[in-house]
Structure formats: C-alpha cells, structure tokens
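Trainee: Quick check, what structure comes out for this input:
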Amino acid sequence: MTRLSQHPSLIVVVDDDPWLRDLVYDQLELHGFACRTHGTAESYLASNDVALTSCLVLDANLPMINGLELQRQLAEAGHTFPVIFHTGQTDPRVEARARAAGAVDFLEKAAAPAHLIDAIARALARHG
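Mentor: Residues are numbered from 1 along each chain as shown. Prediction:
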C-alpha cells in the first residue's frame, strides 16, 4: 500500500453511489490525498474542480452523461489528467473503449482499496 503524506494533488471521484463516494473519499484522505467528490458528471463539469483535477476516479455507469462520455468531453476540452475507471460491473467492451480513449486503469469496485490507492499513485507518478 502506498502512503502519501500531504500530497498536493487533487483527486476527484465521480460516482453516483453516495456510500462508495464516502468510502473512497475517506480512504484517499487517510492516505494524504486532497479529494473532492461528485455524484454526477454534470455536477463535476459545472464545478471549478475540473480545472484543479490531478487525477479523476470515474464510474463508467453514471446517469445521464456516463463515464465514457465524460472522458470524451474532457479530452475534447484539452484536459490531460489521468482517468481511472472504478466500476461495479466489468464490461470488456467498455474497458477497451476507456483504455483506447486514454484511461490509465480500469478497476472493479470490489477490489481492495489499496489497489485504487496504488493505481492513483502510479498515475500521478507517470503524469506528474
């Protein structure tokens, strides 16, 4: 498990499951990351967090604007921060599309929190 102390990066989690958002938020804060969460892609896009994001943890199955569409919109707008998909239902086609569009990782929500923390640390190290 990676432990980062007072890491200056902002990790943003976009997931429509409030329980999971809170769990991931708590884990990220525990490991020294600054974190913000949003329940929808629309909320995230309307916030100032887009400009501040260092790494985006994104659910593929969001209502209205789904994760793949959000990833596409961010890329078209010129945002280059790493995107990690964190989803409850693994679909090889969705994973292939996400990776083809530049996602740095695609994790199942059932994985241990340490896997997400390590994926974020790797993504920041490669894109920092």
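Trainee: all strands of the protein, in order?
Mentor: 10-14, 34-38, 55-58, 83-87, 105-108 (DSSP state E).
Trainee: Show the average pLDDT along the last one.
Mentor: Just to be clear, that refers to strand 105-108. The average pLDDT within strand 105-108 is 93.
Trainee: From here on, call the first residue 21.
Mentor: All right, first residue 21 from here; so that's strand 125-128.
Trainee: Now tell me what touches that strand from outside.
Mentor: Residues outside strand 125-128 that contact it (Cβ atoms under 8 Å, 6 or more residues apart in numbering) are 104-108, 110, 115, 118-119, 135-136, 139, 142-143. Every C-beta, even on glycine, is put in place using the N, C-alpha and C of the backbone.
Trainee: now do the third one
Mentor: Residues from elsewhere that reach strand 75-78, judged by Cβ under 8 Å, 6+ apart: 29, 31-35, 44, 87, 90-91, 94, 101-106, 136, 140, 143-144, 147.
Trainee: Now, of the residues you listed, which are buried?
Mentor: Buried members of the contacts of strand 75-78, scored by 16 or more other Cβ atoms under 10 Å, are 29, 31-35, 44, 87, 90-91, 94, 101-106, 136, 140, 143-144.
Trainee: from the contacts of strand 125-128, which two are the most distant?
Mentor: The distance between the two most remote of those (Cβ to Cβ) is 21.9 Å, for Gly108 and Arg142.
Trainee: what about stretch 49-65, start to end distance?
Mentor: In stretch 49-65, first residue to last residue: 22 Å (Cα to Cα, to the nearest Å).
Trainee: where does this structure dip in pLDDT?
Mentor: 21-27, 148 (pLDDT under 70).
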